[in-house]
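Visitor: One predicted model, sequence on top.
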Amino acid sequence: MDYVLTDDLSQAQICLVDMDAYNIEERYQTLLSKHPTMIILVLSLSTYKCRLDTEFFIRKPVKRTSLAQSLHQIFSRFFQIPVLSSMQEQPEPHPVPADYKVVTRKTTAEVKLQTPAASSEKKSAAKEVKKAKVIPIKENMPASAANAGKLLKVENEEYFVGEQADIDVDDPQQLKTVFYSPVNCLQAVVEQASKQSRQSGQIIQVNIHNHEFYFDYAEQIVYSTVGPGIIRPLCLLSLDNKPRFTSRPNSFRNELHKIIQSNKNKTMKKSLEKQNWSMESFMWLISLWSSRGRIPVGTEILKPVFLMEWPNLTRLASVPHALRIAALLYDHPYPLADAARLLGIEQRYVFAFYSACKAIGLANVSRRQIDHTFAPEPGAEPENKSILSKLLGRLKRFSEKSSINDIA
Amino acid sequence: MNDYKIIFAGPVGSGKTTAIDTLSDEAPVCTNQSASDMTRMRKSKTTVAMDYGTMVLDGAEKIHLYGTPGQERFDFMWEVLTRNGLGLILLLDNTRKDPLNDMTFFLNAFKNYIADTAVAIGITQTDIVPLLRMDHYHRKLRELGIKSAIFEVDARDFNDMSHLVQALLFTIDPGLEYSA
């Protein structure tokens, strides 16, 4: 059976919701309040308990046949379409994009999986069914999930810094929205594994949701059996199932090197996802995907923060305006919101940058009384400011032409 | 019309000539000669006077890119080259015997120039022999009391070199904005 995707919710019969998407709970509630009878197919990496009669669940990564099977069962139940038993026996070849709301409206004709005997009956039944279409969960939002299988080139900044709006730091209600908790999430697991590997000198294997991660502090490398398409949504999940940590013998290091080299060769030749990173760039990446333009819970937002040293920005995933944020905070500690205001940029860039720098141990809240007491003197404007700006503009234009962010 | 310059310094083989070639709009002028001293151990030809390239900006203003010769015996040229410069790009070869010593030497040699302008440091060849990690360089910088951006770079890669020059410019003024 075929399904057609629509961007018009009023025409939809089934809605696919990615429960691992950013800020999904709120958006899901809005959807339910506006469309209380909509049939929902929930996708998630972790187990989801359906609360409504109209809710169904499929665990990610979603297989094509299990999705087709679920859709068909839903149609059979709600729209009187006969179930094709042969569908249940098909292999599960490819995952489908994840962060999408799939809205089924009309199926077309029966397809490949039906038996010859049932063909005419199913054809006539299928004619009754409407088309379906996939739309992003939020209209006009760049659909990062469209890249689920090929995240080598990333152009939309939301991918790294989220969509967090600027807040008034004096408003307690708004302030609540700007914090995230790395505890009990992938970021905490990564930090723990890195620490264990440093202390033991061994490779630490971590199993999470049937995925494996290997941390080798001595060689400063991380290898994962999955790529960013899985890891990024995993960053937002609360890891209810305790991750399993295992020490691997040093002899495993050679094997790991071979696996990584093989993965490097494959990703260079094909559009496969990257699966190995330097330890620092992995922790940076996980922090960006966890924070999404927010800061770790407990950060004293009104206090100045400092940058101990410049991050190695040529080898880390790019945060918009990272160079100027780094230059400012390295020169003098500033409260994060003040830094954004001084640079004339959105707070989420500064928040994301700070969270990533903190994750790799380069930034923190200043404890020096002098930084809290005296605001820094504004520096004199350089005499040749206009030429510096022109040079900057030229470098940026040329960089954009040749830019491929393959760090993720 | 004012023209401005950025100075590229660093030991022999650190990638100054390549970096200027990467950034320059026109084929750079190089004064390479066959190496006749210890330099020969690292490469067959070396810069004996300077490398020169240009970046043309809107309004036909030019940024001149000057690469100093790496050997210390040419250090008399360094002061001449740096006059009225915008800042220093220091490139260090991670595969040399003692890159931290190189860093100390060059930061000291250009101390006055850095005090008047700014410096950004690029570490090349980190993928070949990663004997030193970035934190070693940071530690040395702290010992020397110098604040500088410091990145791993491939001198052949425009984005890497662009990042380094942008870091230099933002060090001069973090509030700089991109001009069309």
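Guide: Good, I have the coordinates. Everything numeric in this text was worked out from a predicted model, so none of it was measured. Residues are numbered from 1 along each chain as shown, chains lettered A, B, ... in the order given.
Visitor: Point out where chain B drops to low pLDDT.
Guide: By pLDDT under 70, the weakly predicted segments of chain B are B:1-2, B:31-49, B:70-74, B:129-130, B:180.
Visitor: Spell out the residue ranges of the strands in it.
Guide: B:4-9, B:32-34, B:45-47, B:51-56, B:62-67, B:85-93, B:119-124, B:149-152 (DSSP state E).
Visitor: how would you label residue A:380: helix, strand or coil?
Guide: Three-state assignment for residue A:380 (DSSP: H, G, I helix; E, B strand; the rest coil): coil.
Visitor: What residues does residue A:191 make contact with?
Guide: Counting by CB atoms under 8 Å, 6 or more residues apart in numbering or on different chains, residue A:191 touches A:182, A:283, A:359. C-beta coordinates here come from the backbone N, C-alpha and C atoms, glycine included.
Visitor: And those residues, which is closest to chain B?
Guide: residue A:283 (14.1 Å; CB to the nearest CB).
Visitor: Tell me who's in contact with the closest one.
Guide: Residue A:283 touches A:190, A:191, A:194, A:359, A:360, counting by CB under 8 Å, 6+ apart.
Visitor: how many neighbours does the residue nearest to the fourth one when sequence neighbours are not counted have?
Guide: Put plainly, it is residue A:359. Nearest residue to residue A:359, sequence neighbours excluded (CB to CB, 6 or more residues apart in numbering or on different chains): residue A:287, at 3.6 Å. Using other CB atoms under 10 Å in any protein chain shown, residue A:287 has 26 neighbouring residues.
Visitor: Residue A:287 against residue A:351, yeah?
Guide: No. The pair residue A:287 / residue A:351 is not scored as a contact, 11.1 Å apart, by CB atoms under 8 Å.
Visitor: Near residue B:172, how many other residues are there?
Guide: Neighbours around residue B:172, by other CB under 10 Å: 19.
Visitor: ok, how many other residues are close to residue A:52?
Guide: Around residue A:52 there are 12 other residues, counting by other CB under 10 Å.
Visitor: Also the one 10 residues further on?
Guide: Residue crowding around residue A:62 was assessed by other CB under 10 Å; the count is 23.
Visitor: Residue B:142 too?
Guide: 12.
Visitor: Grab the longest helix from chain B for me.
Guide: Of all the segments of type helix in chain B, defined by DSSP state H, the longest one is helix B:158-172.
Visitor: still on that earlier bit, tell me the buried residues within the contacts of residue A:283.
Guide: A:190, A:194, A:359, A:360 (16 or more other CB atoms under 10 Å in any protein chain shown).
Visitor: Do I have it right that the last one meets residue A:284?
Guide: What that stands for is residue A:360. Yes. Using CB under 8 Å, residue A:360 makes contact with residue A:284 at a distance of 5.7 Å.
Visitor: Next, show the common contact partners of the two.
Guide: Contact criterion CB under 8 Å, 6+ apart; residues shared by residue A:360 and residue A:284: residue A:311.
Visitor: re the thing from before, did I read that right, the residue nearest to residue A:359 in a helix?
Guide: Yes. Counting by three-state DSSP, residue A:287 is found in a helix.
Visitor: so who does it touch?
Guide: Listed by CB under 8 Å, 6+ apart, the contact set of residue A:287 reads A:182, A:187, A:355, A:356, A:358, A:359, A:360.
Visitor: For residue B:120, which non-adjacent residue is closest in space?
Guide: Nearest non-adjacent residue to residue B:120, counting by CB to CB, 6+ apart: residue B:168, 4.0 Å away.
Visitor: In this structure that neighbour contacts residue B:89, no?
Guide: Yes. Contact criterion CB under 8 Å: residue B:168 and residue B:89 qualify, at 6.4 Å.
Visitor: what's the overlap in contacts for the two?
Guide: Common contacts of residue B:168 and residue B:89 (CB under 8 Å, 6+ apart): B:6, B:119, B:120.
Visitor: so residue A:350, which of the three states?
Guide: Under three-state DSSP, residue A:350 comes out as helix.
Visitor: roughly how far apart are it and residue A:226?
Guide: 30 Å (CB to CB, to the nearest Å).
Visitor: Also residue A:330?
Guide: Applying CB to CB, the value for residue A:330 to residue A:226 is 35 Å.
Visitor: and what of residue A:232?
Guide: Taking CB to CB, one finds residue A:232 at 10 Å from residue A:226.
Visitor: Now residue A:11. Its backbone dihedrals?
Guide: Phi and psi for residue A:11, reported as degrees, to the nearest 10, are phi -100, psi 0.
Visitor: What about it, how many residues nearby?
Guide: Close neighbours of residue A:11, defined as other CB under 10 Å, add up to 16.
Visitor: go on, residue A:166?
Guide: Each residue near residue A:166 was counted by other CB under 10 Å, and the total is 15.
Visitor: On the pLDDT front, check it for me.
Guide: Residue A:166 carries a pLDDT value of 93.
Visitor: The residue nearest to it when sequence neighbours are not counted and residue A:330: what is the separation?
Guide: Excluding its sequence neighbours, the residue lying closest to residue A:166 (CB to CB, 6+ apart) is residue A:347, at 4.8 Å. Using CB to CB, residue A:347 is found at 19 Å from residue A:330.
Visitor: Save the buried ones among the contacts of residue A:283 as TSV, and put in secondary structure and pLDDT too.
Guide: Shown next, in TSV, are these (DSSP: H, G, I helix; E, B strand; the rest coil; pLDDT from 0 to 100):
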residue	secondary structure	pLDDT
A:190	helix	95
A:194	helix	96
A:359	helix	96
A:360	coil	96
